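**Q** quick one, what's the 3D model for this:
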Amino acid sequence: MTYEDRLDASRLLLERLLALKILNPLILAIPRGAVPMGALLAQGLKCEMTIAPVRKVASPLAPEFALGAVDVEGNYYPDEEVLEFPPEQLRSWFKKSLEVLRQRNFRWRQALPHVVLKGHSVVVVDDGVATGATMRAALLWARRKEPSQLIAAVPVSSQSGASIMHRFADHVLCLDVPHFFSSVGEFYRSFEEVSDDDVCRILRSFSQSKSQIGNKTQEFR
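**A** Predicted coordinates:
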């Protein structure tokens, strides 16, 4: 299956999520690509959205190769394959990724207020899952926040990525698990990069729209 862009994929995901009739949903978008998707899903489900503060840890020698992922609290989730790397090198790459994540997370939190996950049906969204490193980190980070249930929702995933989601989520909604998979981008006709500025703009717009809805509700009480 090929999607026009992330919003096209989001609309298809929304149809499936609405059919699940999730109680007390909350969208947790993995930055940066899933943020525009998360905003659309949250609007469609009429619920809150927040950011999953996780980031892939990559080798400078091969940026597309995930050595694992890190969350903003400093937890590192390594892939098994990284055991062959010297520990000192891994620590250096881990610290660099954590520093970038914390800087970005600080900016994001200025645009979107803190949201409590406890008691919500948390839907962790990404534009696709390749190695599963960031999705696993997001699910494990969210699990510690005591959601009532944890749902992984993606348009496309590798078979190994799907196995990871089934292992760490209570429910998995994946529109396509192709037999041949090389990268997430190959399943989108348009797969432009989502920048930090894009993320902040989307978060501010989402926050403002929620405030306007709240104000209108107050007017009719």
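**Q** list the contacts of the spatially most central residue of the chain.
**A** When Cα atoms, centre = their mean is applied to the chain, the residue found nearest the centroid is Ile30 (1.9 Å). The contact partners of Ile30, by Cβ atoms under 8 Å, 6 or more residues apart in numbering, come to Ala52, Val54, Val124, Val125, Asp126, Thr134, Met135, Ala138. All C-beta atoms are positioned from the backbone trio N, CA, C, and that covers glycine.
**Q** out of the residues you listed, which two sit at the greatest distance?
**A** Farthest-apart pair in the contacts of Ile30 is Val54 and Val125; separation 12.5 Å (Cβ to Cβ).
**Q** buried residues in stretch 154-162?
**A** For stretch 154-162, a neighbour-count test (16 or more other Cβ atoms under 10 Å) marks Val154, Pro155, Val156, Ser157, Ser158, Gly161, Ala162 as buried.
**Q** let me see the mean pLDDT of it.
**A** The pLDDT scores in stretch 154-162 average 97.
**Q** next one: stretch 172-185
**A** 96.
**Q** show residues contacting it.
**A** Residues contacting stretch 172-185 (Cβ under 8 Å, 6+ apart): 1, 9, 12-13, 16-17, 20, 64, 127-130, 151-159, 162, 165-166, 187, 191.
**Q** just the buried residues from those residues, in PyMOL please.
**A** Per 16+ other Cβ under 10 Å, the buried members of these correspond to this PyMOL selection:
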select buried, resi 9+13+17+127+128+129+130+151+152+153+154+155+156+157+158+162+165+187+191
